[in-house]
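1. Here's my sequence, what's the structure:
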Amino acid sequence: MPKVRRSRKPPPDGWELIEPTLEELEQKMREAETESHEGKRKVEALWPIFKIHNQKSRYIYDLFHRRKAISRGLFVLH
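-> Predicted coordinates:
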């Protein structure tokens with residue numbers, strides 16, 4: 001199978017400001033995905049994942065629309 005070539009563009013200006021928070025949320029997401037779901041209903045096992053996804057989306061939304069702290073390029077990149 002041939003290798004997939006991906007062009008690596010540099011991140012937009014301001015990426016270094018939001019990167020730590022996004023990395024922290026990604027780490028929490030990985031932990032929630034690997035957490036044991038023994039004894040829980042199927043939907044209960046997914047609640048932490050939905051909660052973290054909502055936190056990440058809300059964080060980006062607030063930065064762009066409410067605080068106007070990030071550019072559109074950075075908003076679309078997320």
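2. From here on, just use CA atoms for contacts and neighbour counts.
-> Noted.
3. Low-confidence ranges, the chain, go.
-> 1-5 (pLDDT under 70).
4. quick one: the helices in it?
-> 15-34, 42-61, 72-77 (DSSP state H).
5. Kindly calculate the angle that the second one makes with helix 15-34.
-> With axes from the mean of the first three to the mean of the last three CA atoms, to 10 degrees as the criterion, the two stretches helix 42-61 and helix 15-34 enclose an angle of 180 degrees.
6. Could you give me the buried positions within helix 42-61?
-> For helix 42-61, burial by neighbour count (16 or more other CA atoms under 10 Å) applies to 45, 48-49, 52-53, 56, 60.
7. Over to the shortest one?
-> Of the residues in helix 72-77, those scored as buried under the neighbour-count criterion (16+ other CA under 10 Å) are Leu74.
8. What lies in contact with that helix?
-> Helix 72-77 is touched from outside by 12-15, 60-61, 64, with contacts defined as CA atoms under 8 Å, 6 or more residues apart in numbering.
9. Tell me the one of the residues you listed nearest Glu31?
-> Distance to Glu31 across the contacts of helix 72-77 (CA to CA) is lowest for Ile60, with 21.0 Å.
10. Kindly provide the distance from that closest one to Lys42.
-> Plainly put, Ile60 is 28 Å away from Lys42 if you go by CA to CA, to the nearest Å.
11. likewise Ile49?
-> 12 Å.
12. Same list (the contacts of helix 72-77) but as a markdown table, adding distance to His37.
-> Putting those into a markdown table (distance: CA to CA, whole Å) gives the following:
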| residue | distance to His37 |
| --- | --- |
| Pro12 | 38 |
| Asp13 | 40 |
| Gly14 | 38 |
| Trp15 | 34 |
| Ile60 | 29 |
| Tyr61 | 30 |
| Phe64 | 35 |
